[in-house]
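>>> Give me a 3D structure for the following:
(one chain, ligands or ions: 1)
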Amino acid sequence: MPLLDVEGFGTIDADDGTRLVNAVRATGADIGHRCGGQAKCTTCRVTFSEGEPGPMTRAEYDKLAQTNALGDYRLACQIRVDRPMTVTPLMLAEEMGWDNPGPEPAADVEPEAQWHEREALASEE
Ligand code: FES
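A predicted model of the protein is given here:
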């Protein structure tokens, strides 16, 4: 089981393949997920200091490209914990003044994940 370290919240043993947004929530972090994990809101944004996966879902790439955020952060709802990771959530509900972080994300990545290497996605443009 890969170790997930969430800056400011601690470390958990995550089940291999757990959706990152849900694993971060399991540490007690009130990470945003305002669209319910659909790659639409970007409030689940995280930065990695260890373990950033190379492949991205099509939905993550499209959203980050559309908002000029490629290279700035990743979307935790579009990533599975499949290796040791250290992340910092950038939008916490309490800090943002939200009543709640958003609707419960499904257990696995939605919309149905189409994984691509970033270079392959970028060369399509
Ligand atoms: S983009 Fe909305 S929860 Fe990830």
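>>> Got phi/psi on the residue nearest in space to the middle of the chain?
In the chain, the centroid-proximal residue (C-alpha atoms, centre = their mean) is A76; its distance is 0.6 Å. Phi and psi for A76, reported as degrees, to the nearest 10, are phi -60, psi -20.
>>> just M96 next, same as before
M96 adopts backbone torsions of phi -80, psi -10, taken as degrees, to the nearest 10.
>>> what about it, distance to N22?
Distance of M96 to N22, computed by C-beta to C-beta, to the nearest Å: 19 Å. (C-beta placed from N, C-alpha, C; glycine too.)
>>> Compare those two (neighbour count), which wins?
Between M96 and N22, counted using other C-beta atoms under 10 Å, the more crowded position is N22 (23 against 12).
>>> helix, strand or coil for the more buried one?
Secondary structure, DSSP: H, G, I helix; E, B strand; the rest coil: N22 is helix.
>>> Quick check: it vs the ligand, distance?
N22 sits at a distance of 11 Å from the ligand (criterion: C-beta to the nearest ligand atom, to the nearest Å).
>>> what's the neighbour count on the nearest residue to that residue once chain neighbours are set aside?
If the residues on either side of it in the chain are set aside, N22 comes closest to P105, at 6.0 Å by C-beta to C-beta, 6 or more residues apart in numbering. Using other C-beta under 10 Å as the criterion, P105 is surrounded by 23 other residues.
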